[in-house]
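*Asks:* coords please:
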Amino acid sequence: MRRIPHTVLTLLLAALLLLAGCGKKQDPTLPTVPGGLPEASTAAGQTTAAPTISPDAPTTAVPVTTTASSPTDSVPATASVPSTAAPTSETAPTTTTRYIVTDYPTSGDPSASDPDVTAQPTEPASTEDPSLLSLRERAAAYLAQMDTRTRLFQLMIVAPEAICLENPATTPDGLKLSAYPVSGLVYQAQNMENAEQLTALVEGHQKASVLPLFICVEEEGGRASCLIRTIGTTPVKNMFTYRGDGIEKARTNALTLATDIRQYGFNLDLAPVADVWTEPENKVIGERAYGDDFAKTAALIAAAVKGFHEGGVICTLKHFPGYGAAAPETEGGIPAVNKTPDQLREEEFLPFLAGIEAGADLVMTAYLSVPEADPLEPAVFSRRIVTDLLRNGLAFDGVIITDNLADAAAASSLSAGEACLKALNAGCDLLFCPAGDPETLGACADYLAEALQAGRLSAARVDESLLRILMLKIKYGILP
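*Replies:* Residues are numbered from 1 along each chain as shown. Below is the predicted model of the structure:
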């Protein structure tokens, strides 16, 4: 028999082996990844859910790198935050890193993801911070349950006398919080007799409230310090006294103030003063300021914000756009700062910007005239100042709060409701309503409701502000 050449045998053997390999098929929908977890297919139009993960499993994150062949390639079905990667050409592949999380979040932080989310894409980054998205969704759920009247009251903070039948209010008796569900109460020295009485007062107010309250006080240190003077908490001097002691002293002073007021149920301090004292005749601010130099004061304010937050208290930068250069009040009854917007940005705004960058959640507007910025309206009623210079100019996404609107209302011959409406339409969120009794408070809410009906106030404007307020309460655990 004729022998088959060796080269031919080799070719036949190779062909047989190739045919045998074609009989083995691999499931294209379950590519193998490190750690043995199947990842969702990247083929266009196909997704495969990640495996069910036990909540008792240890927390791990497995990086997965896949190559997408077109911009239509899907993300894993379990991802809760959409990718915002820039579109690519259909022929140029892109590489994406994903993480399959093998446990539910265990943190009690209100910014934690929902427990039914078992996978989160972390690259490319979303334009929406997941923690902020969670806060916003939870705030929207609260908002959706409120009727119009409740929404309007939730835009207001008031003195305790506005929801009580006694003046001054020193006990929680006669509360009308169910009928007037305000967002918070601002306590003054007249509401404080001793530690036991103050604790009972605050606890009684919180228990009676429809929604948990902002419990506010103006505790700056020095002459503007209710608890130091009445209860005897840790002495802290006027902040101007410490202007040369550095940022660590500014931080520890704020931490001391925050720690002390929290003992009595306060969760919001109307401090620090971010005004820079450059007008010697300005006694309204005076030694309440942290300094008389813009850059140095900015550093001290940033440190103070961190101290307040370390103490678990919301803090408030005040009094925007800056009160420290204001001359004494004129015959019109309103102090004025005669600087251009550009000058304000280079000087007065520095401490506010530093505080915002340090994480301050509230900025308080002032009853103050700045003719170069708005020749017609004081700052608290000026859209040019509140919205254009603060909200947009300083990119401030937090809550803008008014100072007590009593002076602004009186000087402009406005009712409490009219003053609240003007401030709200200027861009303020949280209104320090000057009502001193339940009747005036109710009339204020009625006036805002009428403005809504007449189109002088939009529902969108109300909800925009209320969403910020609710998010702040959730962030600090005031709302569950």
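
*Asks:* only C-alpha atoms for contact and neighbour calcs from this point on.
*Replies:* Will do.

*Asks:* how near is residue 152 to residue 420?
*Replies:* Computed with C-alpha to C-alpha, to the nearest Å, the distance linking residue 152 and residue 420 is 10 Å.

*Asks:* neighbour count for the two, which is higher?
*Replies:* residue 420 (30 against 22; other C-alpha atoms under 10 Å).

*Asks:* got a list of contacts for the helix or strand hosting the more buried one?
*Replies:* Using DSSP states H and E, residue 420 falls within helix 416-426. When contacts are defined by C-alpha atoms under 8 Å, 6 or more residues apart in numbering, helix 416-426 is touched by residues 380-384, 386-387, 402, 405-406, 408-409, 431, 433-435, 440, 443-448, 451, 457, 461-462.

*Asks:* which of those residues fall within helices?
*Replies:* Mapping the contacts of helix 416-426 onto helices (DSSP state H) picks out 383, 406, 408-409, 440, 443-448, 451, 461-462.

*Asks:* select only the buried ones of those in ChimeraX?
*Replies:* The buried residues among those can be selected in ChimeraX (16 or more other C-alpha atoms under 10 Å) with this line:
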select :383,406,408,409,440,444,445,446,447,448,451,462
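
*Asks:* ranges for the strands of the protein?
*Replies:* Secondary structure of the chain (DSSP state E): strands at 61-68, 94-101, 156-158, 184-187, 214-217, 219-221, 224-225, 268-269, 314-320, 362-365, 399-402, 431-432.

*Asks:* weakest of the ones you listed in terms of mean pLDDT?
*Replies:* The minimum mean pLDDT among the strands of the chain belongs to strand 94-101 (a mean of 27).

*Asks:* quick one, helices of the stretch 251-400 of the chain?
*Replies:* 294-310, 341-346, 349-357, 383 (DSSP state H, counting those that start in this stretch).

*Asks:* how far is the second one from where the chain is centred?
*Replies:* Taking C-alpha atoms, centre = their mean, to the nearest Å, the mean C-alpha location of helix 341-346 is offset from the chain mean by 25 Å.

*Asks:* give the buried residues for that helix.
*Replies:* Per 16+ other C-alpha under 10 Å, helix 341-346 contains these buried residues: 341, 344-345.

*Asks:* per-residue confidence for the closest residue to residue 228 other than its chain neighbours?
*Replies:* Spatial nearest neighbour of residue 228, chain neighbours left out: residue 235 (6.1 Å); criterion: C-alpha to C-alpha, 6 or more residues apart in numbering. According to the prediction, residue 235 has pLDDT 97.

*Asks:* how many residues are close by residue 235?
*Replies:* 14.

*Asks:* same question for residue 376.
*Replies:* That count, for residue 376 with other C-alpha under 10 Å as the rule, works out to 12.

*Asks:* give me the phi and psi angles of it.
*Replies:* Dihedral angles of residue 376 (phi, psi; degrees, to the nearest 10) stand at phi -110, psi -40.

*Asks:* how close does it get to residue 383?
*Replies:* Distance, residue 376 to residue 383, by C-alpha to C-alpha: 11 Å.

*Asks:* again with residue 480
*Replies:* 33 Å.

*Asks:* and what of residue 434?
*Replies:* Distance, residue 434 to residue 383, by C-alpha to C-alpha: 21 Å.

*Asks:* ditto for residue 206
*Replies:* Distance from residue 206 to residue 383, by C-alpha to C-alpha: 34 Å.

*Asks:* output the below-cut-off pLDDT ranges for this structure.
*Replies:* Low-confidence segments of the chain (pLDDT under 70): 1-133, 174, 329-332.

*Asks:* per-domain residue ranges of it.
*Replies:* Here the domain assignment for the chain is 34-125, 135-475, based on automatic domain parsing.

*Asks:* right, so these: which one is the most enclosed?
*Replies:* Across those, averaging neighbours per residue (mean count of other C-alpha atoms under 10 Å) puts domain 135-475 on top, at a mean of 20.

*Asks:* how far does it stretch from start to finish?
*Replies:* 7 Å.

*Asks:* again, but for stretch 371-386
*Replies:* 14 Å.

*Asks:* please compute how far that stretch lies from its chain's middle.
*Replies:* 24 Å.

*Asks:* what sits up against it?
*Replies:* Contacts of stretch 371-386 (C-alpha under 8 Å, 6+ apart): 320-321, 336-341, 365-370, 402, 422-423, 425-428.

*Asks:* find the nearest non-adjacent residue to residue 340, please.
*Replies:* Nearest residue to residue 340 in three dimensions, chain neighbours excluded: residue 372, at 5.1 Å (C-alpha to C-alpha, 6+ apart).

*Asks:* from residue 363, how far out is the one you found?
*Replies:* According to C-alpha to C-alpha, residue 372 stands 21 Å off from residue 363.

*Asks:* now swap in residue 256 and tell me
*Replies:* 21 Å.

*Asks:* next: residue 159.
*Replies:* According to C-alpha to C-alpha, residue 159 and residue 363 sit 19 Å apart.
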